[in-house]
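J.: just coords:
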């Protein structure tokens with residue numbers, strides 16, 4: 001199933017499953033205009049309701065982002081204050097922090113660019129004549 005069920009649909013599934021005790025019957029009696037969920041979706045919703053007592057989406061705990069601490073942000077900030085042209089990988093090696101974490105601290109916490117902007121030179125008046133010479137002699141007209 002590619003879409004999320006509404007709260008009304010989830011409650012209906014639980015009530016219908018409680019009444020019929022059959023996943024296929026729940027899908028056959030689907031009263032909504034939206035496509036019916038799969039049997040596995042019904043099973044997972046019923047298991048969630050039996051385990052947690054709710055049909056709402058639970059907050060994902062996930063792995064904590066322990067590297068992005070204020071202490072590490074201060075360390076990375078101090079490192080880049082001393083040497084602003086340092087690469088992210090070099091700073092990561094020096095600080096013993098993963099380079100992705102250094103990049104996140106720079107971009108998210110410190111609002112800095114994690115790359116060096118390239119320097120673009122302006123053309124001088126003598127450059128136009130030289131460019132014209134090279135195009136005339138290196139690229140003859142193709143008929």
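T.: Great, that's in hand. Remember, predicted model here, so these are calculated numbers, not experimental data.

J.: Would you quantify the distance from the most centrally placed residue in the chain to residue 88?
T.: For the chain, the residue nearest the mean C-alpha position is residue 104 (11.7 Å; CA atoms, centre = their mean). To residue 88, residue 104 is 10 Å away according to CB to CB, to the nearest Å. Any C-beta I mention is one placed from the backbone N, CA and C, and that applies to glycine too.

J.: again, but for residue 22
T.: Applying CB to CB, the value for residue 22 to residue 88 is 56 Å.

J.: Tell me who's in contact with residue 37.
T.: Applying CB atoms under 8 Å, 6 or more residues apart in numbering to residue 37 gives the contacts 1, 5, 9, 13, 27, 45.

J.: could those residues be laid out in CSV, adding distance to residue 121, neighbour count and pLDDT?
T.: Formatted as CSV, the contacts of residue 37 follow (distance: CB to CB, whole Å; neighbours: other CB atoms under 10 Å; pLDDT from 0 to 100):
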residue, distance to residue 121, neighbour count, pLDDT
1, 56, 12, 44
5, 58, 19, 91
9, 62, 18, 94
13, 66, 23, 95
27, 67, 16, 93
45, 62, 20, 93
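
J.: In helices, which of these appear?
T.: By the criterion of DSSP state H, membership of the contacts of residue 37 in helices covers 9, 13, 27, 45.

J.: and which of those residues is nearest to residue 140?
T.: residue 9 (71.8 Å; CB to CB).

J.: Chain neighbours aside, what residue packs nearest to that closest one?
T.: With CB to CB, 6 or more residues apart in numbering as the criterion, residue 9 has its nearest non-adjacent residue at 5.9 Å, and that residue is residue 32.

J.: Correct me if wrong: that neighbour contacts residue 10.
T.: No: using CB atoms under 8 Å, residue 32 is not in contact with residue 10, being 11.2 Å away.

J.: what about these two, which has more around it?
T.: The neighbour count for residue 32 versus residue 10, taken as other CB atoms under 10 Å, is higher for residue 10 (21 against 12).

J.: circling back to that earlier point, tell me which of residue 22 and residue 88 has more neighbours.
T.: Between residue 22 and residue 88, counting by other CB under 10 Å, residue 88 is the more crowded of the two (19 against 13).

J.: Distance check, that one against residue 77.
T.: From residue 88 over to residue 77 (counting by CB to CB), the distance is 14 Å.

J.: Nothing else from me, thank you.
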